[in-house]
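[1] Predicted model follows, preceded by the sequence.
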Number of protein chains: 2
Amino acid sequence: MITRERQPPNLEMPFHTLDGAITPTENFYVRCHFPIPQINPDSWSLRIEGAVDQPAQFSLTDLKRFPRETMMATLECAGNGRIFLAPKVKGVQWELGAVGNCEWTGIRLSHLLEEAGIRSGAREVILEGADKGTIAELPRPTGEIHFARSVPIAKAMDDVLLALEMNGRPLTPAHGYPLRAIVPGWYGMASVKWLQRIVVTDEPFHGYYQTIDYAYWRRDKSGPVLVPLAQMSPKAQIARPQSNETIPVGTKYLVKGAAWGGEGGISKVEVSFDRGSSWEEASFNSPSVRHSWRLWSFTWHPTKPGNYTLLARATDCRGQTQPLDRNTDHGTYRIDHCLPVEVQVH
Amino acid sequence: MITRERQPPNLEMPFHTLDGAITPTENFYVRCHFPIPQINPDSWSLRIEGAVDQPAQFSLTDLKRFPRETMMATLECAGNGRIFLAPKVKGVQWELGAVGNCEWTGIRLSHLLEEAGIRSGAREVILEGADKGTIAELPRPTGEIHFARSVPIAKAMDDVLLALEMNGRPLTPAHGYPLRAIVPGWYGMASVKWLQRIVVTDEPFHGYYQTIDYAYWRRDKSGPVLVPLAQMSPKAQIARPQSNETIPVGTKYLVKGAAWGGEGGISKVEVSFDRGSSWEEASFNSPSVRHSWRLWSFTWHPTKPGNYTLLARATDCRGQTQPLDRNTDHGTYRIDHCLPVEVQVH
């Protein structure tokens, strides 16, 4: 793993080590905003409150009576690829490895919400972690705040999982032990770790990580408006070759990577060897599983020496294709344009 | 006037020159986010669009057919008093003079909205100025944006004025010629100058000046949430003495100032000469006029030499009193705690 920050820990996978559709837990990126909370499983509980008929509190033992299920889901940090932005912007300087795909086992959030009873008029569900700390830079609230994000009621009732396990083993402290949300299809910030409180609200939630942080500008008729990040954009990343590799002329080189995001799954991945002038369709090496990335590859047979700029681009089932150029309204997030890989053939 | 920024012009009144309930136009603070737009009155028009039955466009001549009215209203910049914050924060370093009280003459916004016909489900009215420019610091949208703020439909229909005149004369370019909104009771940022477009919306508006700028943190059950600045807090300011004045012992000194904001008008102003240990009630020197400040005074008879810390505090008709301490959740805005004036009696 590549350490981007030591305290709190922020680690990414060296993306060229991509191997297989499931990311081993020890290779899964770690994103922490505050120190990892040390949670005692015996005293831990999850509260549900707000616009519900019956506020509730669940211990780990209480959670055992709900049916468990396992879901594959890709999580990508909304700042993945930030190191490639020009000009440089603040934030963890991720390369390509703040993304991973795991099997998550837990309980559907909908089961808990149904038991608590959502009141009519409720719009969102706030997920709050036990992790907390202070923010230095204005505008920020004073004192300690918890990491918290919201999802609309419809999403919460559809497919949000409260995960106890990752790849068949209990969550590790860095990944949210004892319980984390998995909001499939959304950027990682929504999948709140160390979950301790769920608040159902009548109004859109405007917490720090929903407005100042983890938001972007959408162009409305009224002008640009600040919107919380949500769904992951369609994105293909090249794992091999790495930038600056030299490839012998005449080789049959297996260009490979992963693609995820968008609506309804990835339907196509294309590769370009001339900075986007022409595109070749890649093959998929893993099945289409809802909310899971797909591995892809393309056998490249470079016959002429020279410098080549490789790009990959994904198209989702709705026909949305990755753009070539950066949308600067995304600020320091949602780096979903095609990132070039420069190689030398000789 | 004190120049705080030359380009764009940001000027404040030296508050110790306060004299009379109406601020002369040439003493009224100027707050500009972008260069003053040069508007040709013959080609200018005001558009109304969005969630209305009949989008409309009004020239200055068109506006003449609506009834005019005159309203007194105090406007205070939400950053007034910022220079006194410790630690120092970014933003125009206003002392006490980014506030003023004028007679505004124009047309009720409700008349135009009634003519356009507000659709059911509409929630807010966005007021957009002709002033525009780029923002340097992230998070910000790319390219030029217009200054824009919203008010809830109820406020728009209640008492928002579209002012053509200030103190009986057409608006000057610095004050929004040819048309500015006056949102009485709210901080000045809502009273959009150089008004050119009104957009009725179904959703709360999350433009730049509503989220990143001109917002503060409110404590909800779910934690701190970002909220656009709106109503002015109750506030009394001391115009005389000024800080560091020396006052001869035994003088009958007329301490005076103005008070505004809060709900339902200011009902009481108190003055302290011992940094808030004891308080004396001041007299009002101007009548209670909705949304207009009240002048107040107190005759002080200091009989002992020494250093004195004067404070003034206002209480509104709902019983809300200015706090002694800064609420840091207000960030760089809403500086509504009691600001000390240090004087020497000898």
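    Happy to help now that I have it.
[2] For the closest residue to residue A:173 other than its chain neighbours, which three-state class applies?
    Nearest residue to residue A:173 in three dimensions, chain neighbours excluded: residue A:36, at 5.2 Å (C-beta to C-beta, 6 or more residues apart in numbering or on different chains). Just so you know, the C-beta spots here come from the backbone N, C-alpha and C atoms, and that holds for glycine as well. Secondary structure of residue A:36, reduced to three states by DSSP: H, G, I helix; E, B strand; the rest coil: coil.
[3] Residue A:36: how many residues sit nearby?
    20 (other C-beta atoms under 10 Å in any protein chain shown).
[4] can you check residue A:161 too?
    So residue A:161, with other C-beta under 10 Å, has 23 neighbours.
[5] hang on, the earlier thing: now do the contacts for the residue nearest to residue A:173.
    Contacts for residue A:36 (C-beta atoms under 8 Å, 6 or more residues apart in numbering or on different chains) come out as A:8, A:9, A:131, A:173, A:174, A:194.
[6] per-domain residue ranges of chain A.
    Domain segmentation of chain A under automatic domain parsing yields A:2-228, A:235-345.
[7] Run a quick neighbour tally on the closest residue to chain B within the stretch 201-346 of chain A.
    Evaluated by C-beta to the nearest C-beta, the stretch 201-346 of chain A has residue A:224 as its residue closest to chain B, separated by 3.5 Å. Counted with other C-beta under 10 Å, the neighbours of residue A:224 add up to 21.
[8] Once you drop chain neighbours, what's closest to residue A:333?
    Of all residues not flanking residue A:333 in the chain, residue A:78 sits nearest, at 4.3 Å (C-beta to C-beta, 6+ apart).
[9] Can you tell me the SS state at the one you found?
    Of the three states, residue A:78 takes coil according to three-state DSSP.
[10] ok, the closest residue to residue A:183 other than its chain neighbours - how many residues close by?
    In space, and not counting its chain neighbours, residue A:183 is closest to residue A:190: 3.9 Å by C-beta to C-beta, 6+ apart. Number of residues near residue A:190 (other C-beta under 10 Å) recorded here: 27.
[11] where's residue A:190 relative to residue B:267, distance?
    Residue A:190 is 47 Å from residue B:267, where distance means C-beta to C-beta, to the nearest Å.
[12] What of residue A:117?
    For residue A:117, the distance to residue B:267 - C-beta to C-beta - is 44 Å.
[13] Comparing those two, which residue is more hemmed in?
    Taking neighbours as other C-beta under 10 Å, residue A:117 and residue B:267 compare with residue B:267 leading, 19 against 15.
[14] Please tell me I have it right and the more buried one contacts residue B:296.
    No. Contact criterion C-beta atoms under 8 Å: residue B:267 and residue B:296 do not qualify, at 11.5 Å.
[15] Which pLDDT does the model give residue A:182?
    Note for residue A:182: predicted pLDDT of 98.
[16] in the sheet, who's paired with the closest residue to residue A:28 other than its chain neighbours?
    Leaving aside its sequence neighbours, residue A:28 sits nearest to residue A:100 (C-beta to C-beta, 6+ apart; 4.1 Å). Beta-bridge partners for residue A:100, by DSSP bridges, are residue A:75.
[17] which residues touch residue A:100?
    A:13, A:23, A:27, A:28, A:29, A:74, A:75.
[18] Looks like the fourth one contacts residue A:175 (just checking).
    Yes. Between residue A:28 and residue A:175 a contact is recorded at 6.9 Å, counting by C-beta under 8 Å.
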